[in-house]
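Chemist: sharing a model prediction with you, sequence too.
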Amino acid sequence: MVKYKEASLLGQHLIPHPDKTLFWREEQLLIVADPHFGKTQVFRENGIPIPGGTTGDDLERLSYRLDQLQPRKLLFLGDLMHGRIENQTYLNHLIDKWRRRHKNVELFLASGNHDLRSGDPPHQFQFDHVAKEIKIGSFVFKHKPTFDGLFYGFAGHLHPAVTITGKGGMKETLSCFCFGPQGALLPAFGSFTGNQVIRPTTEDRVYVVAGDEVVEM
Amino acid sequence: MWFQAILEARPDWVGRLGLHHGSLNRSERDRAEQKLRNGGLKGVVCTSSLDLGVDFTPVDLVLQIGSPKGIARLIQRAGRSGHRPLETSRVICVPTHALELMEVAAARRSVELGLIEPRDPVVLPLDLLTQHLVSTALGDGFYPEKMYRELTKTHAFQSLTRQQFDWVLNFVSTGGSSLKAYPEFRKITMKNGRYQATDKKIAARHRMNIGTITADAAILVKFVNGRRLGSVEERFVSKLKRGDVFVFAGRMLEFVRIKDMTLWVRKSRSPKGAVPQWMGGRMPLSTELASAVRDQLDRAARGVFDSPEMNSLRPILELQASWSLIPKKKTLLIEKYVSRDGYHLFIFPFEGHLVNEGLGALLAYRLTRSIPLTLSIAVNDYGLELLSDREIPLAPFEDLSLFSTDRLLEDILDSVNAAEMGRRQFREIARIAGLVFQGYPGRPKSSGQIQASSSLLYNVFQRFEPDNLLLEQSTREILERQLEFHRLDRSLDRMARADLHLIETEQITPLAFPIMVNRLRTRVSSERLADRVRRMLLKLEKKANM
């Protein structure tokens, strides 16, 4: 099995994965930011013909990681559903199938702005906890990265990426995990999502998602 | 820029010098055209915006700024001058950099010899067809049979099969298989056998999207009193801040504020300002003109400088000869140069930048096939550069295996994928077909909910609908128009038979320099992303003091 590098933070061990998930070893908690499930369907319902399959793929990727790590808990950091969907049948079916496969995982949702617009999450998720901010141990989990410094925070929303350069004209813009002094930014899990370039400082620790590996910069 | 400079030199021409280009507001352009027609202008500074379609009385003189890039183009523009029948047209070429002198000399010689490019119109642009169907549906509507017959009468669609037509029709009416479940979102609907577009929202969006050339979002430029001037690209505006001055529509403008998609400006007295750039496609040097340029260089290599242009260029070409050499017609020149940035190889096929791009991708693909190597490619009309952070093997050049025409078609197809050229081409196609929306100039893009980059769309199509005809069009257009298989084939053949001169240069030569400073690059790599990333750096900012 592939061994991924761990980041240690306040005495805890966190493992960033190339599928953009983050695993907190001590709590056996898997953290997933900005899935934007159902995004291509929102496009279709607005008249833009894009084929489906993305949400199914993404749920499958998540299942793979869940099967591999067998965490006790799974937490979504906001933007669970991309938007309001008229025809929910197929999506609910996919979610239901997925939840049944992982029915023993304690499921959390730290809700964000898209979630407000999309309405309540499909009940097929059967969330155990839904709140704007969720505190576990000495960490707090929320959608937007407004860190007040009281507790170390984990947030999504930005879809962070950094631009790295090398000799020979090499240049890449890659999704990343950014561990700052007050909080961490997680990359967007959804495969049909865009990125926003951030400018980390010398106080940040950055891990880029480089294909099938996570590389510490 | 030219407009300002001319007015500075001739301040008495104020009010009598016109300006005309694609990003100016229609009313501004109309004013210029009107004044031109009734003789109220001393001159007009324009782009290809005035090449076709606008009727005006012949002018006395045409000044071609920069290289015309083609002989036919030069003749056509020159033809705008000459008042009376049988009077000769006059055109003066004004090069914008030294090497363009070569192109001017070559163009003149070609005109003298009567060598002109054959016309090469577009074939099977399905993205344009989608636009056309929606536009017609918004007007009187159409009957599918009649439409198909009309289309096959045109050159562009003479080979359009019924199957392809049905696919496009399906795409715009039901969104193909993707929108089957959403009957309410059909772009155009059929009633009594006739297709018509009824949704107002779709109509508005379509009208906004068609016909623009820029690929970046358009920011409307307006005076604070409300008068519209035109639009500039978002990329340009993002570099400006309050108080900055830039030149546009013949005026110096000061950035007042930006809100949504509108930039508010006021007149500025400042003598200097930034100049907006548009990322529109640049005309490549035509095959014929490129060949003529090689002729000029051949003569220079033999010490023959027989035109005023070539004599002006002589010092630079002699520098080229002393640091490297001036390529003769039978020479293939390759320059190797090592810098802080890595290892550079400059190859000079002289085929125009589109074919050079194809050659670059092909050569890079062949080089990276056998060893892990990452290459950055840049091109211009004369040549291409391969850049790597590691030594590039030279044996494949010396043994000519790189220039083999064996398995050429397969290698070209593979190189197009390796260089991700289809993805870049898909950008324009996605916009024209209405998958990506530019946004109304002056109003924010409609809900961020349905905003996606063409790159994301490309990924989804590749993964879930690889037979999508728009995807196929991307690849086909690259192959047919940009790579021009026959040209590549002939070009490789010529390079394989040429006298190869591989020179390690101590300085960047005059021929190499313009390619090296080119910002637009493609990449081909046979290495794993993680391996490349480990050789790269992230520059961290210093934390600001609070």
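Modeler: Sure thing, it's come through.

Chemist: show me what the helix or strand encompassing A:E60 is packed up against.
Modeler: Assigned by DSSP states H and E, A:E60 belongs to helix A:54-69. Here helix A:54-69 touches strand A:29-33, helix A:39-45, helix A:89-101, helix B:454-464, going by 3 or more CB pairs under 8 Å, 6 or more residues apart in numbering or on different chains; DSSP states H and E. All C-beta atoms are positioned from the backbone trio N, CA, C, and that covers glycine.

Chemist: now for B:I392, how many residues are close by?
Modeler: A total of 21 residues lie near B:I392 under the criterion other CB atoms under 10 Å in any protein chain shown.

Chemist: enumerate every residue touching it.
Modeler: Going by CB atoms under 8 Å, 6 or more residues apart in numbering or on different chains, B:I392 touches B:343, B:345, B:367, B:373, B:375, B:386.

Chemist: A helix includes the third one, no?
Modeler: Yes: looking at B:L367 with DSSP: H, G, I helix; E, B strand; the rest coil, it is inside a helix.

Chemist: please verify my assumption that it contacts B:A361.
Modeler: No: no contact is recorded between B:L367 and B:A361 when judged using CB atoms under 8 Å, the distance being 10.9 Å.

Chemist: and the two? Which one has more around it.
Modeler: Applying other CB under 10 Å to B:L367 and B:A361 shows that B:A361 carries more neighbours, namely 30 against 21.

Chemist: residues touching the more buried one, list them.
Modeler: Counting by CB under 8 Å, 6+ apart, B:A361 touches B:377, B:415-416, B:418-419, B:421, B:522, B:524.

Chemist: in which helix or strand would I find it?
Modeler: Using DSSP H and E, B:A361 sits within helix B:353-370.

Chemist: what's the mean pLDDT across that helix?
Modeler: Averaging the model's pLDDT scores along helix B:353-370 yields 92.

Chemist: next SSE after it?
Modeler: Moving toward the C-terminus from helix B:353-370, the next helix or strand (DSSP H and E) is strand B:374-379.

Chemist: starting at the chain centroid, how far to that following strand?
Modeler: Here the centre of strand B:374-379 is set off from its chain's centre by 18 Å, with CA atoms, centre = their mean, to the nearest Å.

Chemist: can you tell me the strand partners of that strand and which way each runs?
Modeler: strand B:384-388 (antiparallel), strand B:522-525 (antiparallel) (DSSP bridges).

Chemist: Throw those into a markdown table and include mean pLDDT, distance to B:Q164 and mean neighbour count, thanks.
Modeler: Supplementary listing: the strands paired with strand B:374-379 in a markdown table, determined by pLDDT from 0 to 100; distance: least, CB to CB, whole Å; neighbours: other CB atoms under 10 Å in any protein chain shown:
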| stretch | mean pLDDT | distance to B:Q164 | mean neighbour count |
| --- | --- | --- | --- |
| strand B:384-388 | 96 | 35 | 25 |
| strand B:522-525 | 93 | 30 | 21 |
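
Chemist: ok so, going back, out of the helices and strands packed on helix A:54-69, deepest packed?
Modeler: With neighbours taken as mean count of other CB atoms under 10 Å in any protein chain shown, the helices and strands packed on helix A:54-69 reach their highest mean count in strand A:29-33, at a mean of 26.

Chemist: where does chain A dip in pLDDT?
Modeler: Filtered on pLDDT under 70, chain A yields the residue ranges A:1-3, A:113-116.

Chemist: residues touching the residue nearest to the spatial centre of it, list them.
Modeler: Most central residue of chain A, judged by C-alpha distance to the mean C-alpha position with CA atoms, centre = their mean, is A:A33 at 2.0 Å. With CB under 8 Å, 6+ apart as the criterion, the residues that contact A:A33 are A:20, A:76-79, A:155-157, A:186-189.

Chemist: OK, contacts around the closest residue in space to A:F179 that isn't next to it in sequence?
Modeler: Nearest in space to A:F179, with sequence neighbours left out and distances taken as CB to CB, 6 or more residues apart in numbering or on different chains, is A:R205 at 4.4 Å. Neighbouring residues of A:R205 by CB under 8 Å, 6+ apart: A:7, A:178-179, A:216.

Chemist: just checking, which helix or strand of chain B averages the lowest pLDDT?
Modeler: The helix or strand with the lowest mean pLDDT-type score in chain B, counting by mean pLDDT, DSSP states H and E, is helix B:200-209 (a mean of 64).

Chemist: paired strands for the helix or strand following that helix, with orientation please.
Modeler: Using DSSP H and E, the next helix or strand after helix B:200-209 towards the C-terminus is strand B:218-223. Partner strands and pairing direction for strand B:218-223 (DSSP bridges) are strand B:228-233 (antiparallel), strand B:262-267 (parallel).

Chemist: strand B:218-223: which residues count as buried?
Modeler: Residues of strand B:218-223 classed as buried under the neighbour-count rule (16 or more other CB atoms under 10 Å in any protein chain shown) are B:218-222.

Chemist: chain center to it, what's the gap?
Modeler: Taking CA atoms, centre = their mean, the mean C-alpha location of strand B:218-223 is offset from the chain mean by 23 Å.

Chemist: and that strand, what's its mean pLDDT?
Modeler: The predicted model gives strand B:218-223 an average pLDDT of 79.

Chemist: repeat that for stretch B:274-283.
Modeler: Across stretch B:274-283, the per-residue pLDDT values average to 63.

Chemist: let me know the angle separating the longest strand anywhere in chain A from strand B:374-379.
Modeler: Across chain A, the strand with the greatest residue count (assigned by DSSP state E) is strand A:171-179. Calculated by axes from the mean of the first three to the mean of the last three CA atoms, to 10 degrees, strand A:171-179 forms an angle of 130 degrees with strand B:374-379.

Chemist: following strand A:171-179, which helix or strand comes up?
Modeler: Scanning forward in sequence from strand A:171-179 by DSSP H and E, the next helix or strand is strand A:183-185.

Chemist: just checking, A:F154 is part of a strand?
Modeler: Yes: secondary structure of A:F154 (three-state DSSP): part of a strand.

Chemist: tell me who's in contact with it.
Modeler: By CB under 8 Å, 6+ apart, the neighbours of A:F154 are A:22, A:31, A:77, A:139-142, A:183-184, A:186.

Chemist: ok, A:H82 to chain B distance?
Modeler: In this view, A:H82 and chain B are 7 Å apart by CB to the nearest CB, to the nearest Å.

Chemist: who's in contact with that residue?
Modeler: Counting by CB under 8 Å, 6+ apart, A:H82 has contacts A:36-39, A:42, A:114, A:118, A:190, B:449.
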